[in-house]
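Enquirer: next input, structure requested:
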Amino acid sequence: MLKNIQEWVILLSIFAVVSLAANWIGYDVMPLSALPGMVILVIICLLGLIIQKALPYKIPSVAYIAIIGIVVSMPWMPGSDIIVEWTTEVQLLALTTPILAYAGIAIGRSWTDFVKLGWRTIVVAVFVLLGTFIGSALIAEVVLRFQGII
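Expert: The predicted structure is shown next:
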């Protein structure tokens, strides 16, 4: 368990540094002002990962992370005002940059597993992505026309 925690801390630290850089470059938020919020997010993620390994239930760690994040940001929780204030400095899209990069690397490292899925998976993925894009574009078109923006 200690080895897992060490690996998680290293991974989350790399994630935090890249996210702070993306936050700075993309949203002009200085890393020092976003650092307290990032530390809080890393601690929440680490707690969720530890709880997932410690408890015998087969619940994904993301569920524990979400529950912890919700609980510590509830208005009745002591210190929630500070936690919310600090974490608002970290932009959501700045967090997605390293997540998507890591996902791309993970897929790239396991091409053999990806190839085992077969060509049908690629066709389905293409249609899913195309459908999502076209659906999003249609919804955006309808909403923007309804609002009179276009």
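
Enquirer: going by C-alpha atoms from here, please, whenever you check contacts or count neighbours.
Expert: OK.

Enquirer: sec struct for Ile68, please.
Expert: helix (DSSP: H, G, I helix; E, B strand; the rest coil).

Enquirer: quick one: average confidence on the strand or helix carrying Ile10?
Expert: Per DSSP states H and E, Ile10 falls inside helix 2-27. On average, the pLDDT along helix 2-27 is 89.

Enquirer: same thing with stretch 84-95?
Expert: 89.

Enquirer: start at 681 instead
Expert: With the count now opening at 681, the last piece we talked about shows up as stretch 764-775.

Enquirer: re earlier: and the helix or strand just after the helix holding Ile690, what does it pack against?
Expert: Counting by DSSP H and E, the element after helix 682-707 in chain order, helix or strand, is helix 711-734. With contacts taken as 3 or more C-alpha pairs under 8 Å, 6 or more residues apart in numbering; DSSP states H and E, helix 711-734 sits against helix 682-707, helix 741-752, helix 760-767.

Enquirer: so what touches helix 711-734?
Expert: Contact partners of helix 711-734, identified using C-alpha atoms under 8 Å, 6 or more residues apart in numbering, comprise 681, 685, 688-689, 692-693, 696, 700-701, 703-704, 738-745, 748-749, 763, 765-770.
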